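Trainee: model the structure of this input:
(one chain, ligands or ions: 1)
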Amino acid sequence: MKKTKTLWTMTLMLGAALLLAACGSGSGSSSTGSKTVANKDKPVVWFNRQPSNSTTGKLDMAALSFNKDTYYVGFDANQGAKVQGEMIKSYIEKNIATIDRNGDGTIGYVLAIGDVGHNDSIARTRGVRTALGTAVSKGGAVNSAPAGMNSDGKSKVVKDGSLTVNGKTYKIRELASQEMKNNSGATWDAATAGNTIGTWASSLGKQIDVVASNNDGMGMAMFNSWSKENKVPTFGYDANSDAVAAIAEGYGGTVSQHADVQAYLTLRVLRNALDGAKKGTGIETKDSVGNMLAKDTFVYNEKQRSYYAMNVAVTADNYKDFTESTKVYEGASHQLSKSKSPEKKVWLDIYNSSDNFLGSTYQPLLKKYAKLLNLNVEFIGGDGQTESNITNRLGNPSEYDAFAINMVKTDNGSSYTSILKQ
Ligand code: BGC
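Mentor: This next block holds a predicted model:
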């Protein structure tokens, strides 16, 4: 009697389990694998825009540690900012004989700012100002606010710096800087930068000796519309292919943020979590097919749950090594076995489908790694302005096994995690 009852209970339980597995998606969960996983427990990776307060820069740890399989992948913004600033400074030093176009003893530069609330953009503005001696401190950090027009050197946001080369001292002035935001609110806007350089050039003329930009998208827009013709060195960030190629035509330089390493890490942390593999597999230690990253290409900060790729200056001296910006990292170019790492579905968004770096460098790399890691990635492209335009397309998270998120605004982590918690 007891045996029959137990058998009956077991049959009932099995039936219920099968039913659950079949309906799977009904209640905030999915079952593409052998067991049902609730959406709130699925792997999440934030990339390129780190969950943080856009005013203070403070990290949003609730988003960064949403569940045990949540990470951020980006690059070391401070190290990169230093690289960019020093690259510009050393260019000025090396070209001191010709750089001062009007010979007034002042090296004037203009600066295109990407997004005043984005940690990467803030760091780069600080890096340029620190290296060139134009930084002013505010609340213990370098003020990163746009100076607007500063041809008279009276701005409170920056100050005049000085640089001594070959016994002669030059003044360095940030003549103008502005956030490149278009009328609808999209930041890092290349078209706005292309127009703004025209406005700057018509009022500042030969005072402009150097053009600096928080990224290559804006940098190349300024180069193509003005600086190339006027032979004014222009510096960006990202090492997009077009910018690297332009170094041969006078673009001053750029910085590689190791997009090959970042795109790999973005999908790799998801793959590891989906496989239940040990953290760091294929990253710090070789995976079964030999993939691994070199130690000097990234750092991992456990407290911040963040992987940061390292940055390298790309100049006339080494640009030939960087012409293929969408080439996969050689040490991590082996396909995983489909039996050990079966295909999984990933939802991935890019905050602005027309962002130069993400569109022309990062996304092509993601596509290549998706194949190698057996991930079926669905790409969602945003308009760069409205978070809901993207979150609305995360209507059925149960259809996916993992999520890769690139927010419009770094404050908005909870707009995504709240959907996964439902
Ligand atoms: C890149 C920019 C890009 C931004 C998007 C930055 O890391 O350097 O080019 O526009 O990310 O979030």
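Trainee: just give the nearest non-adjacent residue to the residue nearest the centre of the chain, would you?
Mentor: The chain has Asn48 as the residue nearest its centroid, 3.0 Å off, counting by Cα atoms, centre = their mean. The spatially closest residue to Asn48, leaving aside those adjacent along the chain, is Asn406, at 5.1 Å (Cβ to Cβ, 6 or more residues apart in numbering). The way it works is simple: take the backbone N, C-alpha and C, and place the C-beta from them, glycine included.
Trainee: list the residues that contact that neighbour.
Mentor: Shown in contact with Asn406 (Cβ atoms under 8 Å, 6 or more residues apart in numbering): 46-49, 348-351, 358.
Trainee: right, and the helix or strand after the strand ranked longest in the chain?
Mentor: In the chain, assigned by DSSP state E, the strand with the most residues is strand 168-179. Once strand 168-179 ends, the next helix or strand along the chain (criterion: DSSP states H and E) is helix 190-204.
Trainee: how distant is that following helix from the center of its chain?
Mentor: Here helix 190-204 is found 25 Å from its chain centre; the criterion is Cα atoms, centre = their mean, to the nearest Å.
Trainee: tell me the phi and psi of the residue of the stretch 201-350 of the chain found nearest the ligand?
Mentor: When scored by Cβ to the nearest ligand atom, the stretch 201-350 of the chain has Asn215 as its residue closest to the ligand, at 3.3 Å. Reported as degrees, to the nearest 10, the phi and psi values for Asn215 are phi -150, psi 170.
Trainee: wait, doesn't Asp260 sit right on Phe322?
Mentor: No. With contact defined as Cβ atoms under 8 Å, Asp260 does not reach Phe322; the gap is 10.4 Å.
Trainee: the more surrounded of these two?
Mentor: With neighbours defined as other Cβ atoms under 10 Å, Asp260 and Phe322 compare such that Asp260 has more, 27 against 20.
Trainee: what does the stretch 151-300 of the chain put close to the ligand?
Mentor: For the stretch 151-300 of the chain, the contact set with the ligand under Cβ under 6 Å from any ligand atom comprises 188, 215, 217, 237-238.
Trainee: and the contacts of the strand or helix carrying Ser414?
Mentor: In this structure, Ser414 sits in helix 413-421 according to DSSP H and E. With Cβ under 8 Å, 6+ apart as the test, helix 413-421 has contacts from 39-40, 42, 44, 46, 51, 60, 62-64, 66, 387-388, 391, 394, 397, 403, 405, 407.
Trainee: from the residues of the stretch 151-300 of the chain next to the ligand, keep the buried residues only.
Mentor: Applying a neighbour-count criterion of 16 or more other Cβ atoms under 10 Å, the buried members of those are 188, 215, 217, 237-238.
Trainee: before we move on, back to that, which ones among the contacts of helix 413-421 are found in strands?
Mentor: Reading strands off the contacts of helix 413-421 with DSSP E, I get 44, 46, 403, 405.
Trainee: could those residues go into TSV alongside pLDDT, distance to the ligand and neighbour count?
Mentor: Shown next, in TSV, are the ones in strands among the contacts of helix 413-421 (pLDDT from 0 to 100; distance: Cβ to the nearest ligand atom, whole Å; neighbours: other Cβ atoms under 10 Å):
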residue	pLDDT	distance to the ligand	neighbour count
Val44	98	18	27
Trp46	98	11	28
Phe403	98	17	24
Ile405	98	12	29
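Trainee: hmm, which two among those are most spread apart?
Mentor: Comparing all pairs in the ones in strands among the contacts of helix 413-421 by Cβ to Cβ, the longest separation belongs to Trp46 and Phe403, at 9.3 Å.
Trainee: what's near enough to touch Phe47?
Mentor: Residues near Phe47 by Cβ under 8 Å, 6+ apart: 72-74, 262, 266, 404-406.
Trainee: is it in a bridge, and if so with what?
Mentor: With DSSP bridges applied, Phe47 shows beta-bridge pairing to Val73.
Trainee: residue contacts, the residue of the stretch 1-150 of the chain found nearest the ligand?
Mentor: Ranked by Cβ to the nearest ligand atom, the top residue of the stretch 1-150 of the chain for proximity to the ligand is Asp120, at 4.4 Å. Applying Cβ under 8 Å, 6+ apart, one finds that Asp120 lies in contact with 74-75, 77, 80, 114, 214.
Trainee: measure it to Leu293 for me?
Mentor: Separation of Asp120 from Leu293 (Cβ to Cβ, to the nearest Å): 21 Å.
Trainee: Gln304 now?
Mentor: In this structure, Gln304 and Leu293 are 18 Å apart, going by Cβ to Cβ.
Trainee: who has more neighbours out of the two?
Mentor: Higher neighbour count among Gln304 and Leu293: Leu293, with 22 against 15, using other Cβ under 10 Å.
Trainee: check whether that one sits in a helix, strand or coil.
Mentor: For Leu293, the secondary structure call by DSSP: H, G, I helix; E, B strand; the rest coil comes out as coil.
Trainee: wait, doesn't it sit right on Ser333?
Mentor: No. In terms of Cβ under 8 Å, Leu293 does not count as a neighbour of Ser333; the distance is 11.5 Å.
Trainee: for Lys279, which non-adjacent residue is spatially closest?
Mentor: With Cβ to Cβ, 6+ apart as the criterion, Lys279 has its nearest non-adjacent residue at 6.5 Å, and that residue is Asn272.
Trainee: would you mark the buried spots in the one helix or strand the one you found maps to?
Mentor: Asn272 is located in helix 259-275, with elements delineated by DSSP H and E. Burial within helix 259-275, assessed by neighbour count using 16+ other Cβ under 10 Å, is assigned to 259-275.
Trainee: with stretch 197-212 instead?
Mentor: Going through stretch 197-212 with 16+ other Cβ under 10 Å, the ones that come out buried are 197, 200-201, 204, 207-212.
Trainee: save the contacts of Asn406 as a markdown table, and put in distance to Met222 too.
Mentor: Written out in a markdown table, the entries for those read as follows (distance: Cβ to Cβ, whole Å):
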| residue | distance to Met222 |
| --- | --- |
| Trp46 | 30 |
| Phe47 | 27 |
| Asn48 | 22 |
| Arg49 | 23 |
| Leu348 | 30 |
| Asp349 | 28 |
| Ile350 | 23 |
| Tyr351 | 22 |
| Leu358 | 20 |
